[in-house]
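Trainee: Here is a sequence with its predicted model. Questions after.
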Amino acid sequence: MALSHTGFFLLRSPLFPVNRYRDVFQGSLQELADRNPLFIYALYIASKDLLKELERYLSDPDAFQQKKTEKLRKSLYKYWVRACTRSTPYGLFAGCITGTVAASTQMQLHPVEQSRQFVRLDMDYFTKICNHVQQLPAVSEALRYSPNNSIYKTGDKYRYAEYTIVSNRRKYLLTSVEDSVFIEKIIRETRRGLTIQEIVQLILSEDDTIEAEEAAAFVKELIHSQILISDIEPKITGTDNLEALISRLSSIEDAATLRDGLVALQQLFEQQDYDRSRLADIHHTCDTAFPIEAPKDLLQIDLFKTAPVCTISEGVINGILEKVNKLTALIHGFPKGNSEMSGFITRFREQYESQEMPLDLVLDGETGIGYGAGIENTVHAPFVEDVATGGGSENNTITWSPMMQLCLEKYEQFLKNGGSSVELTDEELTKLGDPASLQLAPSSYLFGAVLASSAAAADNGDYTFMLQSVGGPSAANLLGRFCSGDPVLAEKVKAALEAEATAHPDVILAEVVHFPEARAANVLIRPALREYEIPYIGIASAPEDYQLPISDLMVSVRNNEVVLRSKRLNKIVVPRLSSAHNYSFNSLPVYKFLCDLQHQGRTTHLSWDWGVLAQRSHLPRVTYGNIIVCREAWTISTKDVEKAGEDEAAQLAFFNQYRQQHGMPEKVLLSEADNELLLDLTQPAAIQLLLDQAKKGGVKLKEFLFEENQGIVTDEQQQTYAHEILVPLTSGVPADKPLVRMPPRTMVELPQRTFAPGSEWLYVKIYCGYRIAEELLAGYFAEHLPLWQEDGLFEQFFFLRYGDPQPHIRMRFLNREHPGNNDELLHRIETAMAPYIRMGQVQKIQCDTYVREIERYGAVTIPLCEQLFHADSMAVLGTISMLEGAEGETYRWKLAMRATDMLLDDFGLSLKERKDLLASLREGFTSEFGGAKLLHKPLNDKYRKYQQEILSFMNADNDAANEIEEAIALYRQRSADSVPVAAKIRELCGDTGRYPDLIASHIHMFLNRIFVAKQRKHEMVLYHFLEKYYLSQLAMVAQEK
């Protein structure tokens, strides 16, 4: 069915009219500040530091050097121009208003001073207040505590997500706690919330030999460990958090002072003046009421504009949708599916086949199959946690889709015919596919702007619509965050979502409620918009009967689609996230899975994407009738502006000529991701901003389409405003249709020499999570393998850790003389693993065919390499058996660095050869993780931080002081076994150039063995460290000479 509107829309517009952007070029900064107190007020909220700098300048302009003054002007330019031309809400620089679809278009705004401010505390700061409050003894005893809603049982342990604070941000990790009669009872009985003393009584009733003080300490440890969560934890949906906290503290007598401070804040928030003294009062109240340092971004403020009437003509909306419905044919041209969900479906079938399984167990990266990159992100790897990297290079394949082919054809048409635009034809759209055959999302939104000389002209059909996108899978995606401050909008959104739910009575559309790191919560907070909620590390606002905890959800794969079912209600559940939160970035597997699942089987996005052509110097506007599908754009490289000159006159002349050559208008938008800044290229200040950006690596420019003196959105002085409209849509199609996905790619191994089960090589795979693998290797195998070797049960052994497609250990045993020993080895392993299998901690044990990597290790040298693998594996097992807790992780990377150096010594490399090899390896890994530009400084800073410790650990004279003599003894034994073998390998390699490659492979395998997870990231950091270390050693040698 075709897309249709739901009767309302959201209008977004900047603080000031379009033509006011010129004010920043006219007069002095003093005049700009004096004439625009509202802008100064908005600046106080957005950038207090910039405002202080402006005030310092205004108090003594002569004290500012020209360079410093220009820097100030550029910063003010960005904020001022944004306040006049950019409609995206940000503090008070833009606002919104709810409108309705009616017979005619009327959008005349009241003066901005009549707008309404919706003020709340930054969620990071508010969370710290809540943490402070619940730690006060009198308050903590009165609060009620419930289980962490991520908790679930696997084997003899409970697993749950716990957060730590890393660089002032929440970092979630999966944590486990041993099951006991007390833990089980507490988790069961606290589901409706109990006080600390009530939980203490639970423990005492179970065992009367326990002292009350001991039980209370145990309960407080459960709270500290986040197994139990208090009832003042900030909420993502429902009642205003500040109001809820005030209400909760009202019954706690000893919290009166805190409550008074919160009430004072609430009263200040409700005032609607634009006086900076009120903001100062808010800061003062926070400073005096709470012993917590207030952040720079203390407040989150949304601006809601007012108007006598705010409507858009139904004729205009329907005219736009008539074209947009035909444009949905473009969706046929894009690649289909979600690779991570496809991979999940494949892994699910492999492990569970047609079973229906508990969702929490399936998404556990240790006992299940996990989801996406989040599997590794739940493993604690403190040494590399603070190293920011690019996305890596796991899949750089470009798919040449039908849409990409259409883009190429339209670009070639543009090159051939010239001009500034290309027109899509009905024939081209029909060629892509029939829009009627698309499985559109049942709910979505239209996002764009109506360009016309006036509202009346638009109603007469004389308009152009600038299409930004059609998105989904819900109309609420971009509306949710504004609903808390606009009750009218909230009611209309609820009505639209209720209509969607009513149309699909056999499916539960449930809101995902999740609290990520606190700053992200600022855009996630919204009212309770749906009847049902899925809480996951977030407090649900729905009544208990309408909550679907993760423990209630079952998952299966049927007809190549994921099916989620509520055990309690026996209904299919379709998750929804009524927020624009970028959940794909660094999210927990459960949250990302639920959010990805909302897109299953439905097309949710329509926009134009030039793909590989996006960086062309000039791209045309793309139109379809009166719809602008994509704006005209230009790319300016650093090289393009080399001849711009340094003085204003030369730069102005240069850009006048450049614009004429490239058909560029005077006003363009500097575009970076979803940020756009108006540049008037007749003004030196704008040109300088453009040059600054271009010199950093090129810029993307887009055409600016709003007129300064005419448009459909005006004020009482008939000044024109830029704008965006968000129109909720419905497709009227079923919400529960399956999605047919492309199968994932399979990896094809090169031809190798093989050893099948029953041969001299026993190849065993133990499928388990990263932590269980470490527990098995450092415990059972580190203890028993040396004994088995002494008993003559194997001649050689080596192991590797693998995370693809599922985490597992690969173990290989050689019994050339007595192959029958392999049966005994397998029996012992199976017997030892049986308890782990019963508890679900080991999924399966599998015997497989060992395929030697002859191409990598050489047909002649691979038997020798296997000897090195054996010596290395035994040394690593001995090492990791000594490592415990956080201190053990610190020793792990330092020992890895030292042992890598010893391995290079075993291979006979000189200091310079080591430096050259590590430089080569470092360069390759740096490129994989985002490039030297991104990583050079943080890695150098990290090396400087640990430099003295590294120098100490790399010096054998300090082994006793560093308490690593026992560990180093293992690697000395490795050296004794490896040196003659390495010499033989070097002899066989001759001058073929393979020797350094083999050494690199052995280093890689060693680091794979010693680190629990994220091995390649660890490799990158250690290669950088070793290169820096070798450079310093070479410098010392040169100095001595």
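Mentor: Sure, I can see it. Please read these numbers as outputs of a predicted model, since none were measured by experiment.
Trainee: what's the neighbour count on the nearest residue to G193 once chain neighbours are set aside?
Mentor: Using CB to CB, 6 or more residues apart in numbering and skipping the chain neighbours, the partner closest in space to G193 is R144 (3.6 Å). Where C-beta positions appear, they are placed from N, C-alpha and C, glycine not excepted. Under the neighbour criterion other CB atoms under 10 Å, R144 is assigned a count of 18.
Trainee: ok, now how distant is R144 from G343?
Mentor: Taking CB to CB, to the nearest Å as the criterion, R144 is separated from G343 by 41 Å.
Trainee: Same check on R944?
Mentor: The spacing between R944 and G343, counted by CB to CB, is 39 Å.
Trainee: which of the two has more neighbours?
Mentor: The residue with the greater number of neighbours, taking R944 and G343 and applying other CB under 10 Å, is G343; the counts read 16 against 10.
Trainee: What's the per-residue pLDDT of the residue nearest the centre of the chain here?
Mentor: Centrality entry for the chain: nearest residue to the mean C-alpha point is F585, 1.1 Å, by CA atoms, centre = their mean. Residue-level confidence at F585 comes out at 78, pLDDT.
Trainee: Please list all residues in contact with T237.
Mentor: Going by CB atoms under 8 Å, 6 or more residues apart in numbering, T237 touches 511, 513, 525-529, 533, 538, 540-542.
Trainee: for Y371, same thing?
Mentor: By CB under 8 Å, 6+ apart, the contact list for Y371 reads 340, 344, 363, 589-590, 592-593.
Trainee: how far away is it from R994?
Mentor: If you go by CB to CB, the gap between Y371 and R994 works out to 40 Å.
Trainee: follow-up on the earlier one: top of the contacts of Y371 by neighbour count?
Mentor: In terms of neighbour count, L363 stands highest of the contacts of Y371 at 28 neighbours, by other CB under 10 Å.
Trainee: thought Y802 was touching R810?
Mentor: Yes. Using CB atoms under 8 Å, Y802 is in contact with R810, at 5.8 Å.
Trainee: Identify the bridge partners of the nearest residue to K323 once chain neighbours are set aside.
Mentor: Leaving out its chain neighbours, the residue that sits closest to K323 by CB to CB, 6+ apart is I627, at 4.7 Å. When bridges are taken as DSSP bridges, the partners of I627 come out as F465, Y624.
Trainee: List the contacts of I627.
Mentor: When contacts are counted by CB under 8 Å, 6+ apart, I627 touches 320, 323-324, 327, 464-465, 467.
Trainee: Please spell out the segments of this structure that come in under the pLDDT threshold.
Mentor: 1, 353-354, 373-382, 385-386, 388-399, 733-752, 804-805, 855, 927-934 (pLDDT under 70).
Trainee: what's the domain layout of it?
Mentor: Using automatic domain parsing, the domain parsing of the chain gives 337-396+480-517+535-601, 752-851, 885-1041.
Trainee: Span of the first one from start to end?
Mentor: In this case it means domain 337-396+480-517+535-601. Between the start and the finish of domain 337-396+480-517+535-601 there is a gap of 9 Å, counting by CA to CA, to the nearest Å.
Trainee: Any idea how far that domain is from the middle of the chain?
Mentor: Between the centre of domain 337-396+480-517+535-601 and the centre of its host chain there is 14 Å, according to CA atoms, centre = their mean, to the nearest Å.
Trainee: What of stretch 943-960?
Mentor: Relative to its parent chain, stretch 943-960 has a centroid offset of 35 Å by CA atoms, centre = their mean.
Trainee: Contacts for that stretch, please.
Mentor: The set of residues external to stretch 943-960 that reach it, using CB under 8 Å, 6+ apart, is 894-895, 897-898, 901, 961-962, 964-965, 968, 1024-1025, 1028-1029.
Trainee: nearest to G758, of those?
Mentor: Taking CB to CB as the measure, G758 sits nearest to L895 out of the contacts of stretch 943-960, at 37.8 Å.
Trainee: can you confirm the closest one is in a helix?
Mentor: Yes. The assignment for L895 (DSSP: H, G, I helix; E, B strand; the rest coil) places it in a helix.
Trainee: Leaving out chain neighbours, which residue sits closest to it?
Mentor: A967 (5.6 Å).
Trainee: what comes up buried for the helix or strand hosting that neighbour?
Mentor: When secondary structure is defined using DSSP states H and E, the element that contains A967 is helix 965-989. Applying a neighbour-count criterion of 16 or more other CB atoms under 10 Å, the buried positions in helix 965-989 are 967-968, 970-971, 974-975, 977-978, 981-982, 985-986, 989.
Trainee: those helices in the stretch 401-550 of the chain, which residues are they?
Mentor: Listed in chain order, the helices of the stretch 401-550 of the chain (DSSP state H, counting those that start in this stretch) span residues 402-417, 426-432, 455-459, 480-483, 487-502, 521-524.
Trainee: My assumption is that the residue nearest to the centre of the chain lies in a strand; please confirm.
Mentor: No. For F585, which was evaluated using three-state DSSP, the result is coil, with no strand membership.
Trainee: which residues does G448 contact?
Mentor: 320, 465-469, 724-725.
Trainee: let's see 6 Å
Mentor: Counting by CB atoms under 6 Å, 6 or more residues apart in numbering, G448 touches 465-468.
Trainee: Check these against V488 and report the nearest one.
Mentor: Closest approach to V488 among those (CB to CB): Q468, at 23.6 Å.
Trainee: With just CA atoms, put the very next helix or strand once past the helix holding A967 into PDB.
Mentor: The first helix or strand that comes after helix 965-989 along the chain, using DSSP H and E, is helix 994-1010. Coordinates of the C-alpha atoms in helix 994-1010 are reproduced here as PDB (Å, rounded to 0.1, in the frame of the first residue of the first chain):
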ATOM      1  CA  ARG A 994      60.300 -15.700   3.500                       C
ATOM      2  CA  TYR A 995      62.200 -15.700   6.800                       C
ATOM      3  CA  PRO A 996      60.800 -12.300   8.100                       C
ATOM      4  CA  ASP A 997      57.300 -13.400   7.100                       C
ATOM      5  CA  LEU A 998      57.600 -16.600   9.100                       C
ATOM      6  CA  ILE A 999      58.900 -14.700  12.100                       C
ATOM      7  CA  ALA A1000      55.900 -12.300  11.800                       C
ATOM      8  CA  SER A1001      53.600 -15.300  11.700                       C
ATOM      9  CA  HIS A1002      55.100 -16.800  14.800                       C
ATOM     10  CA  ILE A1003      54.800 -13.500  16.700                       C
ATOM     11  CA  HIS A1004      51.200 -13.300  15.600                       C
ATOM     12  CA  MET A1005      50.500 -16.800  16.900                       C
ATOM     13  CA  PHE A1006      52.200 -16.200  20.200                       C
ATOM     14  CA  LEU A1007      50.100 -13.100  20.800                       C
ATOM     15  CA  ASN A1008      47.000 -15.000  19.800                       C
ATOM     16  CA  ARG A1009      47.700 -17.500  22.500                       C
ATOM     17  CA  ILE A1010      48.600 -15.200  25.300                       C
END
